[in-house]
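Colleague: Give me a model of this one.
(chains A and B)
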Amino acid sequence: MSASSMLSSSSSSSQPAPGSKKFRHTFLKNLLRGLRKGAAAAASSRAMTLDERRIAVRRAADAALATARGAAPRWSRSLAAELSQGRLLRPRRDDAQPAASSSSGCKPPPASKMLRRIPRRRRVIRARPKSKATASDLARVMARKRARALREIVPGGRGMDECTLLGETLDYAVSLKAQIEAMQLLLRTLIQAPKEKNPST
Amino acid sequence: MSGRRGSRISDDEINELISKLQALLPESSRRRSASRSSASKLLKETCSYIKSLHREVDDLSERLSGLMSTMDNDSPQAEIIRSLLR
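Modeller: Below is the predicted model of the structure:
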């Protein structure tokens, strides 16, 4: 299933805002469909480990999220593309690393040292004004380092300029919250269901 | 963030995005500093926040997968799922 078909197969009317109930409902529907498909596949290959099952649910949840959000934000398209390529987004659960350590080759120095160093031009991202290094320049360089960490967390962040990244991050965070709330709701509903089948009245 | 970056959106728009991000972050990690370095702090906290959201989705995925593996076609849970899908 290609990324574009994944997104365009959702309803053609404009997508509901990520904070809305309609969004939650759409997401849940997508998620349940995805889970049902996954369960059918898993039933044939009974050797799924706990981790594999969790990852399958996570992928279904992310796919449901991207589809519900639609093609408007970039993160959503990137997420759908990553999922349809079969690439695992976040293979590990223990994302306990601090935001400062990015996965690019160099480890950025701690913040206190940054203020005393003159920033080296490791690579020119965009042309900087020729003024001598001021506090605002340094702050900007620092912000760029954080922006790098953010780029790796937000799907498709690597291709965005900083300004787009900020807006996309906002939208992504709001959507994630909606995803979480919807899944919590689903869990609560399933857990509270009566354990035995009631005789129908 | 000075205006000489040559970016396409204005500083005002950036400030608006920043304040929206700040509003989104959990109350406990909000900082009140007005200096420029708060932009960097904001980005760092946003990173941490999104990572924590990811962890939560992972956790919910695990619980959901555990629950579903105990459901069979006859269970009330399966019926709930079917009814939600109609």
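
Colleague: quick one: the helices in the chain?
Modeller: This is for chain A. Remark: helices assigned in chain A by DSSP state H are A:3-8, A:21-44, A:50-69, A:74-84, A:111-114, A:135-153, A:162-192.

Colleague: wrong one, I was asking about chain B
Modeller: Counting by DSSP H, chain B has helices at residues B:11-24, B:37-69, B:76-85.

Colleague: B:R63: neighbour count?
Modeller: Number of residues near B:R63 (other C-beta atoms under 10 Å in any protein chain shown) recorded here: 18. Where you see a C-beta, it was placed from the backbone N, CA and C, and this is true even at glycine.

Colleague: Mean pLDDT lowest where, among the helices of chain A?
Modeller: Among those, helix A:111-114 carries the lowest mean pLDDT, a mean of 50.

Colleague: Could you give the number of residues near residue 81?
Modeller: Went with chain A since none was named. 18.

Colleague: actually it's chain B I care about, not the one you picked
Modeller: B:I81 has 22 nearby residues by other C-beta under 10 Å.

Colleague: If you drop the residues flanking it in sequence, what lies closest to it?
Modeller: A:L32 (5.5 Å; C-beta to C-beta, 6 or more residues apart in numbering or on different chains).

Colleague: any chance of the helices of chain A in a markdown table, plus distance to B:I18?
Modeller: Listed next are the helices of chain A as a markdown table, based on distance: least, C-beta to C-beta, whole Å:
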| stretch | distance to B:I18 |
| --- | --- |
| helix A:3-8 | 29 |
| helix A:21-44 | 25 |
| helix A:50-69 | 23 |
| helix A:74-84 | 18 |
| helix A:111-114 | 19 |
| helix A:135-153 | 11 |
| helix A:162-192 | 7 |
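
Colleague: With respect to B:L60, which of those helices lies nearest?
Modeller: B:L60 sits nearest to helix A:162-192 of all the helices of chain A, at 4.2 Å, using C-beta to C-beta.

Colleague: Give the buried residues for the closest one.
Modeller: A:162-180, A:182-183, A:186, A:190 (16 or more other C-beta atoms under 10 Å in any protein chain shown).

Colleague: Stretch A:153-161 now?
Modeller: Of the residues in stretch A:153-161, A:I153, A:V154, A:P155, A:G156, A:G157, A:M160 count as buried by neighbour count, 16+ other C-beta under 10 Å.

Colleague: gap between the two ends of it?
Modeller: Stretch A:153-161 has its terminal residues 14 Å apart, counting by C-alpha to C-alpha, to the nearest Å.
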